[in-house]
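Student: fold the stuff below for me.
(4 chains)
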2 protein chains.
Amino acid sequence: MKEHILIVDDDSDILELLEYNLSSAGYDVLGFLNTKYVRQVLSEESVDLIIMDRNLPEIDGGLYVEMLRNKNINIPVIFLSAKGSAEDIKDGFLKGADDYVTKPFNMDELLLRIKAVLKRYHSELSKNGSVMEYKDIKIDNNMRTVTIDGKNIEITKLEIAILKVMISNQGRVLDREFLLKHIWKDSENIRQKTVNVAMKRLKEKIDPLRQKEYIKTIRGVGYLMS
Amino acid sequence: MKEHILIVDDDSDILELLEYNLSSAGYDVLGFLNTKYVRQVLSEESVDLIIMDRNLPEIDGGLYVEMLRNKNINIPVIFLSAKGSAEDIKDGFLKGADDYVTKPFNMDELLLRIKAVLKRYHSELSKNGSVMEYKDIKIDNNMRTVTIDGKNIEITKLEIAILKVMISNQGRVLDREFLLKHIWKDSENIRQKTVNVAMKRLKEKIDPLRQKEYIKTIRGVGYLMS
DNA sequence: AATTCTAGGTTACATTATGATTACATAAAA
DNA sequence: TTTTATGTAATCATAATGTAACCTAGAATT
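Tutor: Down below sits the predicted model:
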């Protein structure tokens, strides 16, 4: 799974350069020219690393990160700054940086530092990151939560597994044999009827009022998320 | 408590410079011109950080560190090198470096990087001076005390460790494998059931009346502090 | 349209898996 | 040593899941 890097830099040239290079290096990049939507994005996406310019017009990048740390957001941060004085670097580390790179920087070195920071901090958490969505259903694999229209719902392991398979095969009708094979691994010892019951239970949870019809039954074949 | 830094550099001028500056900065410095006695010192002294020149006459510093890592010596290492090519830096990180500084270096910056690496290394133990909070739970990392709603509670080392990990990962379900890896370091030799018992004991302490539900059990997955 | 047939829904119950609890053993600290 | 903390195993409690019996709706046949 791709790791997500959020970048904030008010210089659009540098931002583009970073976006291009980090994307090429296989990261999922979210670039911003200011901090306006950062909090929101952090709460919605599972971000693995933040690269932040320290000299932003509205707010000092260092202060912003300090604020994030106070809110118990401990995603690793690499500061990017034209200022290279010892005092600045020191301040950066104190504010919670994990590394500090001065402009102009060498892209290869930055990539290596990114790799090192990610390895150090995030190897376990980010292995299955990402958010899956279908209409107003959202599955956060990192937090292992499912929300529908923003509201959190209680859901079991099996139900999440079904939901994931349905979403990642949306548009295809999945027959019971397929579902047993992919969700219940030991399809041998389990009756096909079991799928019906499991589906009913899942439908009940994600759409108790029977209004959305997320999952449609295709008589004689199987189930479809269109 | 002074932290111990071991330095290996065959250039005696640089070695002296480092010894002088790091000592002034309050570290206990052990300088060597070659790797001859390093193994022995490591086994006798509690070294917190190694600063190693990559271009040593007898052996490549990178290879030496690789060897240490293979022997399960995981003391953080900062490489010092005249070589600054991307390829070299990459190789350094691959061999197990925690940071990489190219010569000629700025002493102030080096000091900051040392501080950062040490802080990372000791991060779990002492989040210097900081106070962690979650709802009405407050952990004072200096005093090693926990108060709930202002009232001091008796709590053990392990329980604090769990609480810290739960708080710094709030909003995310932590499975037993993760908890074992991060709290009990030698996850190999410990049963997953142990986590259940530890959690029960922690819950008992922080919420004896079962009213707050600070920590929620996610059946089939792990534990969540939301 | 009425009848039959069948797939799937629904419900109730059985089984299984997982976590909580307890008691005790062992390790660490005082 | 004594005391305290922590790990482990046995047992208990319950939520999650599987199964079977029955019900219903829609397609096929008449």
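Student: look at A:Val101 and give its secondary structure.
Tutor: Secondary structure, DSSP: H, G, I helix; E, B strand; the rest coil: A:Val101 is strand.
Student: tell me how many other residues surround it.
Tutor: Neighbourhood size, A:Val101 [other Cβ atoms under 10 Å in any protein chain shown]: 20. In short, each C-beta sits where N, CA and C put it, glycine included.
Student: and it, how far from chain B?
Tutor: Distance from A:Val101 to chain B, counting by Cβ to the nearest Cβ, to the nearest Å: 11 Å.
Student: surely that residue touches A:Arg113?
Tutor: Yes. Between A:Val101 and A:Arg113 there is a contact under Cβ atoms under 8 Å: 6.4 Å.
Student: next, show the common contact partners of those two.
Tutor: By Cβ atoms under 8 Å, 6 or more residues apart in numbering or on different chains, A:Val101 and A:Arg113 have these common neighbours: A:Ile78.
Student: name the residues of chain A found near DNA strand C, please.
Tutor: A:193, A:196-197, A:199-200, A:203, A:217-222 (Cβ under 7 Å from any atom of the strand).
Student: got the domain ranges for chain A?
Tutor: For chain A, the structural domains run A:4-128, A:131-224, going by automatic domain parsing.
Student: can I get the ones you listed in TSV including mean pLDDT?
Tutor: TSV is the format used below for those (pLDDT from 0 to 100):
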stretch	mean pLDDT
domain A:4-128	81
domain A:131-224	91
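Student: of these, which is nearest B:Tyr134?
Tutor: domain A:4-128 (7.8 Å; Cβ to Cβ).
Student: that older thread, among the residues of chain A next to DNA strand C, which ones are buried?
Tutor: Buried members of the residues of chain A next to DNA strand C, counted by 16 or more other Cβ atoms under 10 Å in any protein chain shown: A:199, A:203, A:222.
Student: helices and strands around the longest helix that chain A contains, which ones?
Tutor: Among the segments of chain A that qualify as a helix by DSSP state H, the longest is helix A:107-122. Applying 3 or more Cβ pairs under 8 Å, 6 or more residues apart in numbering or on different chains; DSSP states H and E, one finds that helix A:107-122 contacts helix A:12-24, strand A:49-53, strand A:77-81, strand A:99-102, helix B:86-94.
Student: could you give the angle of whichever helix or strand comes after the longest one to helix A:12-24?
Tutor: Counting by DSSP states H and E, the element after helix A:12-24 in chain order, helix or strand, is strand A:28-32. Regarding strand A:28-32 and helix A:12-24, their directions subtend 170 degrees when assessed with axes from the mean of the first three to the mean of the last three Cα atoms, to 10 degrees.
Student: do the helix or strand immediately after strand A:28-32 in the chain and chain B meet?
Tutor: Downstream of strand A:28-32, the first helix or strand assigned by DSSP H and E is helix A:38-44. No. For helix A:38-44, no contact with chain B is found by Cβ under 8 Å from any Cβ of the partner chain; the gap never falls below 8.7 Å.
Student: any idea how far helix A:38-44 is from the middle of the chain?
Tutor: On the basis of Cα atoms, centre = their mean, to the nearest Å, helix A:38-44 sits 10 Å off its chain's mean C-alpha point.
Student: list the contacts of that helix.
Tutor: A:6, A:8, A:30, A:32, A:47, A:64, A:68, A:73, A:75, A:131.
Student: helices - which of those residues land there?
Tutor: Mapping the contacts of helix A:38-44 onto helices (DSSP H) picks out A:64, A:68.
Student: go through the contacts of helix A:38-44 and name the one nearest DNA strand C.
Tutor: Nearest to DNA strand C among the contacts of helix A:38-44, counting by Cβ to the nearest atom of the strand, is A:Val131 at 23.2 Å.
Student: excluding its backbone neighbours, what's nearest the closest one?
Tutor: Distances taken as Cβ to Cβ, 6 or more residues apart in numbering or on different chains put A:Asp140 closest to A:Val131, at 5.2 Å, once the chain neighbours are dropped.
Student: for A:Ile190, same thing?
Tutor: Counting by Cβ to Cβ, 6+ apart, A:Ile190 lies nearest to A:Trp184, which is 5.2 Å off, once chain neighbours are set aside.
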